[in-house]
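Visitor: sequence plus the predicted model coming up.
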Amino acid sequence: MSFDYLLSILKPMLEGAQATIILFIVAIIVSIPLGFLLTLAVRSSIKPLAWLANTYIYVMRGTPLLLQLLFIVFGLPLIPVIGEYLVIDRFVAACLGFILNYAAYFAEIFRGGLLAIDKGQYEASKVLGLSRWHTMRHIVLPQMFRIALPAVANESVTLVKDTALLYAVAVPELLHFAQTAVNRDFTIVPFLLAGIIYLLITLCLTLFFKWLERRLRFD
């Protein structure tokens, strides 16, 4: 296999990897705070709000991400009367699907982090006269994030790999260009190259989270 051939297939695959990375960044930036808001909603004393949040998390975690993507991209436009107004760019639709799905998973991760904090710390905060906001900001949230960080890191790596599902909704990404090259050239080299690119992305992500864990540990 010539070096020129590798360069010829690498360029479009890197373009596909760019779409993969953009989707990951958008999904992670939006789904993490949305997941935390869902966690607060689940713990809310307002029963209808807590019920809605729990139902949402159950539905999003209980159905396949691929089904959700297909529904958003191809199903919403078929809804009577309003369907024509729900036709959106496929990449934007895919971003929406990933955000809604991963927010539910991050909500459960954060809920576990909150449950792991000793109740005595809440009581100690009251004794010290700290408000609920100060208790949450200075005591609860830092500990929750430290506890949840390994699970967040693992879920983030999973998110990178799940971006391959864009292929199923006809959004050009890394796997799309790899499959195109395989079908055209009858060689598995593009698949191997795609695997290497995915590994490099997840390696960078893993190193970042390890650095973040060390930083928080010493802080």
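Guide: Right, received. Where do you want to start? Residues are numbered from 1 along each chain as shown.

Visitor: quick one: contacts for the residue nearest to F74 when sequence neighbours are not counted?
Guide: Excluding the flanking residues, the one nearest F74 by CB to CB, 6 or more residues apart in numbering is V169, at 7.6 Å. Placement of C-beta: from N, CA and C, glycine included. By CB atoms under 8 Å, 6 or more residues apart in numbering, V169 lies in contact with L69, L70, V73, F74, R90, A93, A94.

Visitor: now do 6 Å
Guide: L69, V73, R90, A94 (CB atoms under 6 Å, 6 or more residues apart in numbering).

Visitor: with F145 instead?
Guide: F145 neighbours (CB under 6 Å, 6+ apart): none.

Visitor: against L193, how distant is it?
Guide: Distance, F145 to L193, using CB to CB, to the nearest Å: 36 Å.

Visitor: could you do Y167 as well?
Guide: 16 Å.

Visitor: low-confidence ranges, this protein, go.
Guide: Applying pLDDT under 70 to the chain picks out residues 1, 121-124, 127-133, 138, 218-219.

Visitor: name the single longest helix found in it.
Guide: The single longest helix within the chain, with elements called by DSSP state H, is helix 3-42.

Visitor: check which element follows it along the chain.
Guide: helix 47-62 (DSSP states H and E).

Visitor: could I get the buried residue list for the helix or strand just after that next one?
Guide: Sequence order places helix 65-70 as the next helix or strand after helix 47-62, per DSSP H and E. Across helix 65-70, burial judged by 16 or more other CB atoms under 10 Å covers L65, Q68, L69.

Visitor: need the contact list for I82.
Guide: Counted by CB under 6 Å, 6+ apart, I82 has zero contacts.

Visitor: measure it to L200 for me?
Guide: 43 Å.

Visitor: related to what we said a few turns ago, return the distance of the longest helix of the chain from the chain's centre.
Guide: Here the centre of helix 3-42 is set off from its chain's centre by 9 Å, with CA atoms, centre = their mean, to the nearest Å.

Visitor: secondary structure class for the nearest residue to F36 once chain neighbours are set aside?
Guide: The shortest distance from F36 to any residue other than its chain neighbours is 5.3 Å, reached at F110 (CB to CB, 6+ apart). Assigned state for F110: helix (three-state reduction, DSSP: H, G, I helix; E, B strand; the rest coil).

Visitor: quick check, F110 in contact with T39.
Guide: Yes: with contact defined as CB atoms under 6 Å, F110 counts as touching T39 (4.2 Å).
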